[in-house]
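Asker: just to be clear, the model below is a prediction. Sequence and coordinates:
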Amino acid sequence: MKRSVAITVAVVAIAVLILIGIAGCGSSGGVEDERATEVTTEEQVEVEPAVPTGQTTTVTGEVVELACYLANNLTGPKHAVCAVSCAEGGAPLGILDKKAGKAYLIVLDHGDLMGAKSDMVLKKFKPYIAKDVIATGKIIQRGGLTGIAVASVKAAN
């Protein structure tokens, strides 16, 4: 159990670093970063397709900002101000199910994204950061990363 949690945390950490890197692309003040455009055939990695479990699932846990959670295990009300600030800066949000020992990357159902801006997750989940929620959606896995395509969310009692 501890090993699978450690693997999940490591995979989510890598995803966060990738997402932070993507968010930083184009923010170099007009200076082209050659590293961002240099991709050779040897560097390309074959990624398996997304695997929706097909199950609508309910996950209960704390909405966490994943960069601080992964790097420093920061959660809860004492971290709320920092978590909001980091999320507003582009860090991804997740749901930490402490009972299952699993963190889920929050994504929105693509039906919610039609014509939407990229900050829809933040807008929908900002009021819940550092609080427990009950989220319902489909679990999706790709490359060892687990996410939940959230259809509905409400505060947990």
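Answerer: Thanks, I have it.
Asker: use CA for all of it now, contacts and neighbours both
Answerer: Noted.
Asker: what about stretch 66-77, start to end distance?
Answerer: Chord length of stretch 66-77, first to last residue, is 15 Å (Cα to Cα, to the nearest Å).
Asker: list the buried residues for it?
Answerer: 66-70, 74-76 (16 or more other Cα atoms under 10 Å).
Asker: what would those residues look like in CSV with pLDDT and distance to K123?
Answerer: CSV is the format used below for those (pLDDT from 0 to 100; distance: Cα to Cα, whole Å):
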residue, pLDDT, distance to K123
L66, 95, 16
A67, 94, 18
C68, 93, 19
Y69, 95, 20
L70, 92, 22
L74, 94, 21
T75, 94, 20
G76, 94, 19
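Asker: the longest strand seen in the chain - contacts with which helices or strands?
Answerer: Looking across the chain with DSSP state E, the single longest strand is strand 51-65. Strand 51-65 is packed against helix 80-88, strand 93-97, strand 132-142, with contacts defined by 3 or more Cα pairs under 8 Å, 6 or more residues apart in numbering; DSSP states H and E.
Asker: of all those, which one comes closest to V150?
Answerer: strand 132-142 (4.3 Å; Cα to Cα).
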